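**Q** Generate coordinates for the sequence data below:
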Amino acid sequence: MIINRNIFTMTLVILTLTAVFTACTTEVVKEVPVGVTIEKEIVKTLEAPVVENTVKDLDPGELILYSGRSESLVGNIVAQFEEMTGIDIQVKYGKTFPVATMILEEGSNSPADVYFAQDPGGLGFLAKEGRLIELPDTITDRVADWAKPNDGKWLGISGRARTLVHTATIPSGDLPTSLDDLTDPKWKGKIGWAPTNSSFQTMITGMRVSWGEEKTRQWLTDMLANEPIVYPKNTPQVAAAAAEEISIGLVNHYYLHRFISEQGDSFNARNLYLSDGGPGSLIMVAGAGIVDTGKNRANAEKFLTFLTSKVVQQYFTGQIFEYPVVEGIKTHMLLTPLADLHKPKLTIEDLSDLEGTQVIFRDLGILD
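**A** Numbering: from 1, shown residues only. A predicted model of the protein is given here:
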């Protein structure tokens, strides 16, 4: 995916200057027509708190960000916030749960101000350990109820649906209708999965809540008997399905959309949204929270405000193909509406016990 950063940068700089001379800025984003990049459609955005330090004679300070989301996904957003505010951002990228563990191990000496996670598991883990502060209502109220926990210790930034990606040539009548169907011997050696991926682990966490521990263990055991092909992450599963190296992969929805946006509708893979209302239809969020030992709390609040502004939410759906978590955002044409997905009845809190899932994985030899 190629992102026109110059256009994005120019647009946001113009918006910043507009905000500086506006006493009270209201967010207004035009709906994005099909196929039009979001940068050209933004009229005005960002509240004054995000840009209040743009006066040159003030020191805007710094922000230490620990990110479980990759630089390829959020690096441009981080760079634009830094350019707009003058705040010096230092980012440590890694995988979601190891980054959370790092913050816990660093204890009171952790320099992290904001923890940005790919999934709820790491956020729930840190919140349970008392390492995330309760966020002000001025930030949490911006986000839809389905995308935030009740304790206010963190909030969702973008939504992501679990799906099965499959080779496009498989007849619809031959496709599974539930995760249980994947244990059928006809799929032996034809399924891909990524056990170290936090999104996959979050799905299994949801499975434990929906199905119970015993049935979840049995499903994983039966899946192992079907000899799934192990991948390090989601992207190579989508590529493998298109190349017919596997028939089905267990992934998040947006990876396929990136391939189609680059290669066109002839790309030989499609998403399958399961209709049984089980954990295979889970809607997750990438989210963020403020670390209790951070030294730059005001800047951390500005950053979360920026991430939930309409311009950034539009960027997430228009360029990264994820679901927005605030109202009034036009989703990308490739995205199946959330209302049309058969989501399981699980809360954000139900998805937080990643540790329990990893214990099962180790018991079964899925993780080292």
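**Q** going forward, measure contacts and count neighbours with C-alpha atoms only.
**A** OK.
**Q** Just the C-alpha atoms of whichever strand in the chain runs longest, please, in PDB.
**A** Counting residues, the longest strand in the chain under DSSP state E turns out to be strand 155-167. Only the C-alpha atoms of strand 155-167 are listed here, as PDB (Å, rounded to 0.1, in the frame of the first residue of the first chain):
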ATOM      1  CA  LEU A 155     -10.000   3.000  24.800                       C
ATOM      2  CA  GLY A 156     -10.300   1.500  21.300                       C
ATOM      3  CA  ILE A 157      -8.700   3.400  18.400                       C
ATOM      4  CA  SER A 158      -9.800   1.300  15.500                       C
ATOM      5  CA  GLY A 159     -11.900  -1.900  15.000                       C
ATOM      6  CA  ARG A 160     -10.800  -5.100  13.400                       C
ATOM      7  CA  ALA A 161     -13.000  -8.200  12.400                       C
ATOM      8  CA  ARG A 162     -11.800 -11.800  12.500                       C
ATOM      9  CA  THR A 163     -12.500 -13.600   9.300                       C
ATOM     10  CA  LEU A 164     -11.400 -16.600   7.200                       C
ATOM     11  CA  VAL A 165      -9.500 -15.700   4.100                       C
ATOM     12  CA  HIS A 166      -9.900 -18.400   1.400                       C
ATOM     13  CA  THR A 167      -8.800 -19.100  -2.200                       C
END
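**Q** Quick check: mean pLDDT of the helix or strand that comes right after that strand?
**A** Going down the chain from strand 155-167, the next helix or strand is strand 191-193, by DSSP states H and E. Averaged across strand 191-193, the pLDDT comes to 98.
**Q** Residues in contact with strand 191-193: which ones?
**A** 182, 200, 227-231, 233-234, 237, 246-251 (C-alpha atoms under 8 Å, 6 or more residues apart in numbering).
**Q** List only those of those residues flagged as buried.
**A** Applying 16 or more other C-alpha atoms under 10 Å to the contacts of strand 191-193, the neighbour count classes 182, 200, 227-229, 231, 233-234, 237, 246-251 as buried.
**Q** Strands - which of the residues you listed land there?
**A** In this view, the buried ones among the contacts of strand 191-193 that belong to strands under DSSP E are 229, 248-251.
**Q** Format those residues as TSV; extra columns: pLDDT and distance to Glu134.
**A** Output for those, formatted as TSV (pLDDT from 0 to 100; distance: C-alpha to C-alpha, whole Å):
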residue	pLDDT	distance to Glu134
Ile229	98	41
Ile248	98	41
Gly249	98	37
Leu250	98	34
Val251	98	31
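**Q** now the residues you listed as TSV including distance to Asp113?
**A** Shown next, in TSV, are those (distance: C-alpha to C-alpha, whole Å):
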residue	distance to Asp113
Ile229	38
Ile248	39
Gly249	36
Leu250	33
Val251	30
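**Q** May I ask which helix or strand encompasses Leu135?
**A** Using DSSP H and E, no helix or strand contains Leu135.
**Q** ok, now which ones touch it?
**A** So Leu135 contacts 152-154, 289-290 (C-alpha under 8 Å, 6+ apart).
**Q** Buried members of those into PyMOL, please.
**A** Here is the PyMOL command that selects the buried residues among the contacts of Leu135 (16+ other C-alpha under 10 Å):
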select buried, resi 152+153+154+289+290
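**Q** so where's the stretch 151-300 of the chain shaky on pLDDT?
**A** By pLDDT under 70, the stretch 151-300 of the chain has no low-scoring segment.
**Q** if I look at the spatially most central residue of the chain, how far off is Phe361?
**A** Centroid check for the chain by C-alpha atoms, centre = their mean gives Ala286 as the closest residue, at 3.1 Å. Ala286 is 22 Å from Phe361, where distance means C-alpha to C-alpha, to the nearest Å.
**Q** Next: Gly280.
**A** Taking C-alpha to C-alpha, one finds Gly280 at 18 Å from Phe361.
**Q** Could you check how far stretch 191-199 is from the centre of its chain?
**A** A distance of 15 Å separates the centroid of the chain from that of stretch 191-199, by C-alpha atoms, centre = their mean, to the nearest Å.
**Q** Next secondary structure element downstream of the helix or strand in which Val311 is found?
**A** Element membership of Val311, judged by DSSP H and E, is helix 310-319. Downstream of helix 310-319, the first helix or strand assigned by DSSP H and E is helix 354-363.
**Q** Could you list the residues in contact with that following helix?
**A** So helix 354-363 is contacted by 121-122, 125, 201-202, 204-205, 217, 367-368 (C-alpha under 8 Å, 6+ apart).
**Q** export these to JSON lines and tack on neighbour count and secondary structure?
**A** Below are the contacts of helix 354-363 laid out as JSON lines (neighbours: other C-alpha atoms under 10 Å; DSSP: H, G, I helix; E, B strand; the rest coil):
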{"residue": "Gly121", "neighbour count": "29", "secondary structure": "helix"}
{"residue": "Gly122", "neighbour count": "30", "secondary structure": "helix"}
{"residue": "Phe125", "neighbour count": "20", "secondary structure": "helix"}
{"residue": "Gln201", "neighbour count": "23", "secondary structure": "helix"}
{"residue": "Thr202", "neighbour count": "25", "secondary structure": "helix"}
{"residue": "Ile204", "neighbour count": "29", "secondary structure": "helix"}
{"residue": "Thr205", "neighbour count": "26", "secondary structure": "helix"}
{"residue": "Arg217", "neighbour count": "20", "secondary structure": "helix"}
{"residue": "Leu367", "neighbour count": "12", "secondary structure": "coil"}
{"residue": "Asp368", "neighbour count": "9", "secondary structure": "coil"}
